[in-house]
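Student: Sharing a sequence plus its predicted fold:
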Amino acid sequence: MPIHLKGSCPNRDGTKGTGGCIFCGEEGGSFEWIGGSIQDQFEENKERMRKRYRAEGFIAYFQNFTGTYLPLEQFRANLEAVPKEDLAGVSISTRPDCVDDAYLACAKSVFPHTPVTFELGLQSANPRSLEILNRGHTVQDFIDAAQRIKAADIRLSVHMILDLPFDGRDDIVRGAELMNAVAADEVKIHNLYVPKGTKLAEMYQDGSFVPVPMEEFIERCILFLEHLDPDIVIGRLLGRAPEKDVLFANWNRSWYYIRDEIVRRMEVSNRVQGSKFSAEQKGREHDSIYFGR
């Protein structure tokens, strides 16, 4: 469940760039904001999810902005503020260029007996696409961060956008192979929606950004899954956003419809996660040249 904190990232404050990623709004990637302290947000979300899903264990998810882009003392204070009762895990969203060994060690020390996940936003394995998105980091930055996270015995989750019009299907396959190579524990698949007030919104309005069709997104999802290690957990198949906050999202279709359609087509055509995966890919030695262009 999300814990929303005011923050920033090096791609906003001038360290790496300004304006942030072209798809990132003022809330730093999260639309869920209930206000209050970390403790208050955790408890309020816990009660809401307990009633809705009958949940008994909860993952505290530091979702918006860059969870490690702050002084180490503040990072530790944020983690220590998470209530321990009913806590099933902690997930920290961050950037590939903001993963430091000291922060990994800190997370492990605060939660020695609770699963900790670092979530890296990669979005694409295509270096050119990262430039267009104004990500401010490279594929090699991602590889380096992923290796440090795995070496620290912390779960690695990766966010990938599969309907970037700058990517082709070969990039989708490369992305899956990269997940296999770094031995990711989880992948969260996203589709690209257009938040108001972003650079992407300007591109959408002037016609320089045209969303790929829903059919293509579905096919890319299935292709990605076919090449993905079957042991990698799928955290989500697509995202969603409040209608009032976006110019375009989910092709004006229900989130549930698109998710169910992906599953239905895989079942009908007998296309399953990992059917095109080679075990030799997992954890293999690699470099940025292999995944570059």
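Tutor: Received, thanks.

Student: which helices and strands does the helix or strand encompassing Glu119 pack with?
Tutor: Per DSSP states H and E, Glu119 falls inside strand 116-123. Packing partners of strand 116-123 (3 or more Cβ pairs under 8 Å, 6 or more residues apart in numbering; DSSP states H and E): strand 87-94, helix 101-110, helix 139-151, strand 155-161, strand 186-190. Where C-beta positions appear, they are placed from N, C-alpha and C, glycine not excepted.

Student: now with 10 Å?
Tutor: Here strand 116-123 touches strand 58-62, strand 87-94, helix 101-110, helix 127-132, helix 139-151, strand 155-161, helix 169-181, strand 186-190, going by 3 or more Cβ pairs under 10 Å, 6 or more residues apart in numbering; DSSP states H and E.

Student: Phe277 is nearest to which of the ones you listed?
Tutor: Proximity to Phe277 (Cβ to Cβ) singles out helix 169-181 among these, at 6.5 Å.

Student: tell me the angle that closest one makes with strand 116-123.
Tutor: Relative orientation of helix 169-181 versus strand 116-123 (axes from the mean of the first three to the mean of the last three Cα atoms, to 10 degrees): 160 degrees.

Student: Dump helix 169-181 to CSV, restricted to CA.
Tutor: C-alpha atoms of helix 169-181 as CSV (Å, rounded to 0.1, in the frame of the first residue of the first chain):
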residue,chain,number,x,y,z
ARG,A,169,9.0,-5.6,-30.5
ASP,A,170,12.7,-6.4,-30.5
ASP,A,171,13.2,-4.0,-27.7
ILE,A,172,10.5,-5.8,-25.8
VAL,A,173,12.4,-9.1,-26.1
ARG,A,174,15.6,-7.3,-25.1
GLY,A,175,13.9,-6.0,-22.0
ALA,A,176,12.7,-9.5,-21.0
GLU,A,177,16.2,-10.9,-21.6
LEU,A,178,17.7,-8.1,-19.4
MET,A,179,15.3,-9.0,-16.6
ASN,A,180,16.5,-12.6,-16.8
ALA,A,181,20.1,-11.6,-16.9
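
Student: Which positions in that helix come out as buried?
Tutor: If you call a residue buried by 16 or more other Cβ atoms under 10 Å, then helix 169-181 has these buried ones: 171-181.

Student: counting contacts, what elements does that helix pack onto?
Tutor: With contacts taken as 3+ Cβ pairs under 10 Å, 6+ apart, helix 169-181 sits against strand 116-123, helix 139-151, strand 155-161, strand 186-190, helix 214-226, helix 288-291.

Student: Determine which stretch of those is the most buried.
Tutor: Ranked by mean neighbour count, the helices and strands packed on helix 169-181 are led by strand 116-123 with a mean of 23 (mean count of other Cβ atoms under 10 Å).

Student: low-confidence ranges in this structure?
Tutor: 26-35, 283-293 (pLDDT under 70).

Student: Tabulate the helices and strands packed on strand 116-123 (JSON lines), appending distance to Leu228.
Tutor: Putting those into JSON lines (distance: least, Cβ to Cβ, whole Å) gives the following:
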{"stretch": "strand 58-62", "distance to Leu228": "22"}
{"stretch": "strand 87-94", "distance to Leu228": "20"}
{"stretch": "helix 101-110", "distance to Leu228": "25"}
{"stretch": "helix 127-132", "distance to Leu228": "19"}
{"stretch": "helix 139-151", "distance to Leu228": "15"}
{"stretch": "strand 155-161", "distance to Leu228": "10"}
{"stretch": "helix 169-181", "distance to Leu228": "5"}
{"stretch": "strand 186-190", "distance to Leu228": "7"}
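
Student: of the ones you listed, which approaches Phe209 most closely?
Tutor: The nearest among these, by Cβ to Cβ, is helix 127-132 at 9.5 Å.

Student: so what does that closest one touch, helix or strand wise?
Tutor: strand 116-123, helix 139-151.

Student: in its sheet, what does the shortest one sit against?
Tutor: In its sheet, strand 116-123 lies beside strand 87-94 (parallel), strand 155-161 (parallel), with partners assigned from DSSP bridges.

Student: Cheers, nothing more for now.
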